[in-house]
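Colleague: Any chance you can model this:
(one chain, ligands or ions: 1)
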Amino acid sequence: MQITIISPDMYTYGAMLIGGVLRAAGHQVTLSKKIEAQGAKTVMLSLFSTQHLLRKDIKEFVKQHRNTGGNCYVGGAVSAYPEIVLGELPELNAVCIGEGEEAVCKLAAEESPLNISGLAFLGEDGKILCTPRAFPGGLSPRPLPLIPKDISKENIRGASVYIETHRGCTGTCTFCQVPRFFGHKIRSRSIEEVVAEVWAFKQKGAKKLSISGGTGSLFQYRDGQINEKAFIELLARMAEIMGRENISCPDIRVDCISEAILQAVRKYTIGWIFFGIESGSDRILQNMGKGINTAQIRKAVDTCRKHGLKVAGSFIVGYPGETQKDFEATLDLVAELSFDDAFISIAEPIPKTPLANLVLKTPKENNPVYMPHSGPYKKLGLSEAEARAFELLMHADMFKPELRMISDEVFASYLEAVRQDGENVKQATELLFKYRHTL
Ligand code: SF4
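Modeller: Numbering: from 1, shown residues only. Below is the predicted model of the structure:
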């Protein structure tokens with residue numbers, strides 16, 4: 001069968017993986033970033049953001065493709081909340097909930113939806129029917145992903161692709177979908193299979209590779225123990241193929257490092273560590289379920305620096321209940337630790353996460369995403385959450401180890417970025433309220 005997988009705007013690893021699985025099952029598969037069927041009757045949309053469900057071009061495409069007799073399925077991160085997906089895209093044949101490798105092959109073989117695990121679709125009465133989900137299986141062996149010809153042009157946060165090494169996270173962060181989607185138990189791939197995939201990406205022209213999976217160093221985590229040896233071997237073998245200057249390992253928890261891990265990151269990667277720090281307030285860290293505190297953050301950053309690593313931090317502002325005092329604690333921590341880079345986002349309530357439940361219980365007038373800012377940036381017409389994101393961006397720049405000028409251009413780009421982020425989070429929050437009765 002001819003199948004097109006649409007991965008809007010960027011080739012996600014998940015879309016490539018599903019493409020590889022379908023190709024190995026004998027189908028002729030095209031992977032496209034454009035919202036087009038490319039001549040295929042069956043289209044699978046791999047959607048990873050709530051924003052995709054609001055996009056007019058995607059809504060229009062699904063409607064038209066179904067009206068002309070085509071089949072349309074949705075998978076990816078949004079499948080965790082099929083009620084909203086089917087509410088916004090009611091013409092869909094079905095939503096593949098969670099890990100879709102098995103389900104897509106059965107769908108492509110045109111088996112009855114009732115016989116396929118982990119599907120959600122609208123019944124004749126307009127009510128949502130869900131088939132029971134299968135117990136998630138192991139990750140190896142599996143076929144090579146479908147790597148597009150133009151992979152060399154991809155640049156997703158500095159990498160051509162984020163290779164999946166494991167699924168799941170032991171963390172309990174209230175804003176994060178990873179443990180809810182993949183579970184708390186870590187399931188890892190074999191090193192040989194990951195290495196074979198690295199070769200395949202290199203041969204197809206991928207320039208820079210990164211590791212995905214929540215926290216990189218949880219690769220082959222077993223019995224409550226980090227497997228240093230496996231993680232170090234993974235980095236060493238990836239670097240052997242790609243060169244250390246082309247390997248990065250983002251997203252490590254501050255409590256998932258060790259001297260040996262940091263040495264390996266220094267030796268086999270570009271030499272950066274990316275920590276999800278989120279806040280400088282212990283109260284907010286606790287509310288976020290981060291399972292870490294600011295003392296651990298200080299110690300981890302200090303240890304990284306002793307190993308000669310650059311340290312980037314990601315931060316979340318506008319979490320419900322975040323006070324000015326909490327925010328100031330974040331500003332202070334950023335000034336004290338002088339991060340080499342910082343990524344700031346406004347707390348987005350991904351449906352079915354504990355944060356989403358909290359946002360639903362928080363009156364809008366108390367939610368920083370809606371509260372008008374009345375402080376120093378009042379004239380800019382920002383919400384409190386946007387103003388905090390803006391201030392933290394500039395503050396982080398000011399305290400970077402290397403001096404950076406905040407030109408008019410940088411100022412304008414930060415302002416635009418926080419306005420866009422604020423707007424996206426507002427839209428996601430509105431969607432959440434619209435479907436609150438179904439969640
Ligand atoms: S540690 Fe990272 S991946 Fe794990 S739950 Fe927290 S944010 Fe998500």
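Colleague: Can you spell out which helices and strands pack onto the helix of greatest length in the chain?
Modeller: As assigned by DSSP state H, the longest helix anywhere in the chain is helix 408-434. The contact analysis (3 or more C-beta pairs under 8 Å, 6 or more residues apart in numbering; DSSP states H and E) places helix 408-434 against helix 82-88, strand 341-346, helix 354-361, helix 384-398. Glycine gets a C-beta too; all of them are placed from N, C-alpha and C.
Colleague: and if we set it to 7 Å?
Modeller: Under the contact definition 3 or more C-beta pairs under 7 Å, 6 or more residues apart in numbering; DSSP states H and E, helix 408-434 sits against strand 341-346, helix 354-361, helix 384-398.
Colleague: quick check: angle from it to strand 341-346?
Modeller: 40 degrees (axes from the mean of the first three to the mean of the last three C-alpha atoms, to 10 degrees).
Colleague: Name the residues of helix 408-434 that are buried.
Modeller: By neighbour count on 16 or more other C-beta atoms under 10 Å, the buried set for helix 408-434 is 414-415, 417-419, 421-422, 424-426, 428-429, 431-432.
Colleague: ok, and of the residues you listed, which contact the ligand?
Modeller: Filtering the buried residues of helix 408-434 for proximity to the ligand by C-beta under 6 Å from any ligand atom leaves nothing.
Colleague: Trp199 - that's part of a helix, no?
Modeller: Yes: when DSSP: H, G, I helix; E, B strand; the rest coil is applied, Trp199 is found to be in a helix.
Colleague: where does the nearest residue to Met288 once chain neighbours are set aside land on pLDDT?
Modeller: Spatial nearest neighbour of Met288, chain neighbours left out: Thr174 (5.3 Å); criterion: C-beta to C-beta, 6 or more residues apart in numbering. pLDDT recorded at Thr174 is 98.
Colleague: List the residues that contact Thr174.
Modeller: By C-beta atoms under 7 Å, 6 or more residues apart in numbering, the contact set of Thr174 is 288-289, 353-355.
Colleague: Buried members of those into PyMOL, please.
Modeller: One line in PyMOL is enough to select the buried members of the contacts of Thr174, burial here meaning 16+ other C-beta under 10 Å:
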select buried, resi 288+353+354+355
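Colleague: Kindly present the contacts of Thr174 as a markdown table, with separate columns for distance to the ligand and pLDDT.
Modeller: Formatted as a markdown table, the contacts of Thr174 follow (distance: C-beta to the nearest ligand atom, whole Å; pLDDT from 0 to 100):
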| residue | distance to the ligand | pLDDT |
| --- | --- | --- |
| Met288 | 9 | 98 |
| Gly289 | 8 | 98 |
| Thr353 | 10 | 97 |
| Pro354 | 11 | 97 |
| Leu355 | 11 | 98 |
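Colleague: so how far is the ligand from the closest residue to Pro250 other than its chain neighbours?
Modeller: Using C-beta to C-beta, 6+ apart and skipping the chain neighbours, the partner closest in space to Pro250 is Phe274 (4.1 Å). The gap separating Phe274 from the ligand is 11 Å, by C-beta to the nearest ligand atom, to the nearest Å.
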